[in-house]
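Undergrad: Return atomic coordinates for the entry below.
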Amino acid sequence: MNWTRRDVVKLGALAVAGRSMGLQAEVMDRRPAVGDRKFTSEAVERSMAETAKRIGDPELRQLFLNCFPNTLDTTVQHGSFEGKPDTVVLTGDIPAMWLRDSSAQVWPYLPLARQDEKLRALLEGVIRRQARCLLIDPYANAFMANLDDPALEWGRTDETEMKRGVGERKYELDSLCYPIRLSHGYWKATGDTKPFDTTWAEAMRTVVRTMRVQQRKQGDGPYLFQRSSPRPTETLARKGAGNPVKPVGLIASGFRPSDDACIFPFFIPANLFAVASLRQLAEMLNAIVHDSATAQEAQSLATEVEQALRQHGIAKLETGTIWAYEVDGFGSQLLMDDANVPSLLALPYLNASPDAALYARTRAFVWSERNPWFFRGTAGEGIGGPHIGDGMIWPMSQTIYALTSTKREEVMQALKMLKTSARETGFMHESYFKDDPAKFTRAWFAWANTLFGEMVAHVAHNHPDWVRS
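TA: Here you go, the predicted structure:
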């Protein structure tokens with residue numbers, strides 16, 4: 001049988017039978033036994049214990065204890081390469097490392113790294129591995145744990161330039177931004193500059209060059225991708241180049257962070273993310289690498305993209321202006337949001353929201369039925385996307401809804417829905433049916449688990465009265 005990523009992720013979609021919708025199940029401790037955990041950090045364990053004391057709801061407390069360490073418990077492979085730390089972070093039930101997922105999965109542990117040398121080395125290894133991957137191919141979204149292995153099975157017949165070690169080659173602009181975010185966050189949290197050597201510096205120069213090429217001022221560029229699939233979201237139009245764009249200063253993307261093809265290649269959430277990431281990169285290149293030329297190039301590109309976003313990325317509605325989701329530079333705009341991050345909903349979480357009022361209007365739009373991928377049912381409400389399909393809410397969207405809110409009622413609503421979604425297994429999932437949380441996809445999705453843990457810790461420490469009872 002020829003498996004696709006969708007086939008694999010839907011292995012977790014079997015409903016857990018014999019449990020009524022109204023019955024609250026007890027959430028059990030689902031962590032692996034201590035001896036079976038991939039990595040243990042004393043700083044993480046201490047932080048979890050301290051946070052758990054703040055949570056009065058036993059169900060929420062156990063979900064936090066299950067989910068927050070899930071990346072460390074189950075997905076990391078820590079070793080060395082050429083005498084330096086080297087860390088693979090699998091996405092969960094798929095045996096590959098996504099640049100986006102791996103960055104997001106370890107992000108919540110950064111504030112604890114200064115206290116734990118082992119954790120610091122693990123995170124350094126992720127940064128170093130990502131730099132190696134970017135130098136293999138900046139257009140790839142996923143890489144194999146063993147870089148000598150062939151691609152994931154569903155990517156082996158793709159019509160694109162596959163290189164050894166690449167798991168899948170769907171070019172996604174956010175895959176270039178996330179390693180910058182992780183590097184900058186690590187540097188600010190620890191003060192450590194060891195990962196930022198000549199290999200990292202060359203990887204970052206590659207990132208800036210790739211973004212420049214994908215402004216498509218000199219044509220489509222070298223990236224092409226086609227896949228034989230009955231799903232149009234799995235391949236790109238125009239013989240693999242994607243739909244046409246007018247070069248206006250924005251950066252094109254082949255695919256969204258959902259790994260679904262863009263309709264209009266100027267994907268606005270990733271362009272906003274790129275502006276923030278390029279400015280972070282410029283700071284690091286100046287302060288650590290002392291490469292003022294590339295720092296200036298990154299800064300200049302950020303300014304150009306920001307101006308283009310203002311000119312081409314904003315849609316006018318009767319209720320006011322909002323950010324569009326995708327545009328083509330010719331005037332076409334797609335108004336929606338997807339659950340995967342970067343999303344329009346997640347812009348403040350990524351420090352990529354330069355206009356608070358514009359974001360507030362956009363947030364109201366995407367968290368409503370005006371967004372074609374917003375669903376409301378008896379089990380909850382939230383954003384999904386075409387990757388799984390109609391009626392399937394992604395807990396990730398509910399977590400981001402809470403992380404980007406300052407309103408108690410919104411956060412409490414999100415926590416209630418997330419508890420409902422995880423009650424069958426004690427973990428977060430990729431998606432669940434709006435009217436039945438027992439119908440879900442992906443029993444093991446580490447990004448969703450760790451993100452949920454990050455959100456609960458954020459609420460417990462910043463608004464302890466909201467989770468005290």
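Undergrad: Let me know the pLDDT of the closest residue to residue 265 other than its chain neighbours.
TA: Nearest residue to residue 265, sequence neighbours excluded (Cβ to Cβ, 6 or more residues apart in numbering): residue 252, at 4.0 Å. Using the backbone N, CA and C atoms, a C-beta is placed for each residue, glycine as well. Residue 252 is assigned a predicted lDDT (pLDDT) of 98.
Undergrad: wouldn't residue 252 be in contact with residue 217 here?
TA: No. Using Cβ atoms under 8 Å, residue 252 is not in contact with residue 217, being 10.6 Å away.
Undergrad: Between those two, point out the one with more neighbours.
TA: residue 252 (28 against 11; other Cβ atoms under 10 Å).
Undergrad: what's the more buried one in contact with, if anything?
TA: For residue 252, the contact set (Cβ atoms under 8 Å, 6 or more residues apart in numbering) comprises 173, 214-216, 242, 245, 265-267.
Undergrad: pLDDT added to the residues you listed, as a markdown table?
TA: Listed next are those as a markdown table, based on pLDDT from 0 to 100:
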| residue | pLDDT |
| --- | --- |
| 173 | 98 |
| 214 | 98 |
| 215 | 98 |
| 216 | 98 |
| 242 | 98 |
| 245 | 98 |
| 265 | 98 |
| 266 | 99 |
| 267 | 99 |
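Undergrad: and which of the residues you listed is nearest to residue 184?
TA: Closest to residue 184 out of these is residue 173 (17.2 Å), distances taken as Cβ to Cβ.
Undergrad: Counting neighbours, what do you get for the closest one?
TA: 28.
Undergrad: I'd like the distance from residue 376 to residue 382, if you could.
TA: Counting by Cβ to Cβ, to the nearest Å, the gap from residue 376 to residue 382 is 8 Å.
Undergrad: Kindly apply the preceding question to residue 469 instead.
TA: When residue 469 is compared with residue 382 (using Cβ to Cβ), they lie 25 Å apart.
Undergrad: what do you get for residue 243?
TA: Taking Cβ to Cβ, one finds residue 243 at 28 Å from residue 382.
Undergrad: just residue 60 next, same as before
TA: Per Cβ to Cβ, residue 60 is found 18 Å from residue 382.
Undergrad: Likewise for residue 268?
TA: Distance from residue 268 to residue 382, by Cβ to Cβ: 20 Å.
Undergrad: Those two: which is more packed in?
TA: Counted by other Cβ under 10 Å, residue 268 and residue 382 do not tie: residue 382 has more neighbours, with 30 against 26.
Undergrad: if we can go back for a sec, highest neighbour count among the contacts of residue 252?
TA: Neighbour counts for these, by other Cβ under 10 Å, peak at residue 266, which reaches 33 neighbours.
Undergrad: and the gap between that one and residue 250?
TA: According to Cβ to Cβ, residue 266 and residue 250 sit 4 Å apart.
Undergrad: Now the common contact residues for the two.
TA: Shared contacts of residue 266 and residue 250, counting by Cβ under 8 Å, 6+ apart, come down to 312-313, 327, 329.
Undergrad: Are any of these buried, and if so which?
TA: Neighbour-count burial (16 or more other Cβ atoms under 10 Å) applied to the shared contacts of residue 266 and residue 250 gives 312-313, 327, 329.
Undergrad: would TSV of these with pLDDT and secondary structure be doable?
TA: Below are these laid out as TSV (pLDDT from 0 to 100; DSSP: H, G, I helix; E, B strand; the rest coil):
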residue	pLDDT	secondary structure
312	98	helix
313	98	coil
327	98	strand
329	98	coil
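Undergrad: what would the residues you listed look like in CSV with distance to residue 152?
TA: Below are those laid out as CSV (distance: Cβ to Cβ, whole Å):
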residue, distance to residue 152
312, 35
313, 33
327, 31
329, 33
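Undergrad: Before I go, just wanted to say thanks for your time.
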